[in-house]
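*Asks:* coords below, sequence missing:
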């Protein structure tokens, strides 16, 4: 099976823990995991299938390592690349910016020729707005939205369901 590059960033360790769970639930060894703080544009060129993970901070700010890498990320040619994104956020405390990071990355990927998979229903979440909501279908996020702060009991099941979905879409 073709190798998949998983790039993620984590400041507090929660996204790190979710990423470890994700890799565990994935169930095979074809994922290469890299912290975005150690990644380069060249690393992205090694994969046609990518999974990206990040939390959104405060009022729609990217996680610090993603923020530092964003200018370089914006130059990547995603033509012929398929990308799935999972993001963490707080839908209660920051409901108007819930998982904005997913949308910020997804829009760059699409603008740069890539295909974003793993769209996730936004029904049942309690946010007020999000850049992660798809423009072409407002009932979906561009990727998996995780609120580990307020709904940690749903994280594992969401991850498992999303993994099955993206395995089919890849």
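*Replies:* In hand now; what should we look at? All values derive from a computational prediction rather than experimental measurement. Residues are numbered from 1 along each chain as shown.

*Asks:* any idea of the pLDDT on residue 58?
*Replies:* According to the prediction, residue 58 has pLDDT 89.

*Asks:* how about it: what's its closest non-neighbour residue?
*Replies:* Nearest non-adjacent residue to residue 58, counting by CB to CB, 6 or more residues apart in numbering: residue 94, 6.6 Å away. (Glycine included, C-beta is placed from N, CA and C.)

*Asks:* mind listing what that neighbour touches?
*Replies:* Listed by CB atoms under 8 Å, 6 or more residues apart in numbering, the contact set of residue 94 reads 56, 58, 59, 60.

*Asks:* what is the longest strand that the chain contains packed up against?
*Replies:* The longest strand of the chain (DSSP state E) is strand 49-57. Where contact means 3 or more CB pairs under 8 Å, 6 or more residues apart in numbering; DSSP states H and E, strand 49-57 is packed against strand 4-8, helix 14-26, strand 82-88, helix 100-111.

*Asks:* what's the angle from the second one to strand 82-88?
*Replies:* Read that as helix 14-26. Counting by axes from the mean of the first three to the mean of the last three CA atoms, to 10 degrees, helix 14-26 points 130 degrees away from the direction of strand 82-88.

*Asks:* so after helix 14-26, what's the next helix or strand?
*Replies:* The C-terminal neighbour of helix 14-26 among helices and strands, as given by DSSP states H and E, is strand 31-35.

*Asks:* remind me, longest helix of this structure?
*Replies:* Secondary structure of the chain per DSSP state H: the longest helix is helix 152-169.

*Asks:* and the contacts of that one?
*Replies:* By CB under 8 Å, 6+ apart, the list of residues contacting helix 152-169 from outside reads 18, 21-22, 25-26, 51, 82, 84, 86, 117-118, 120, 144, 146-148.

*Asks:* how about low-confidence regions in the chain?
*Replies:* 1 (pLDDT under 70).

*Asks:* quick one on the thing from earlier: can you say which of the contacts of residue 94 are buried?
*Replies:* Among the contacts of residue 94, those classed as buried by 16 or more other CB atoms under 10 Å are 56, 60.

*Asks:* name the nearest of the contacts of residue 94 relative to residue 31.
*Replies:* The closest of these to residue 31 turns out to be residue 56 (CB to CB; 22.9 Å).

*Asks:* done for today, thanks.
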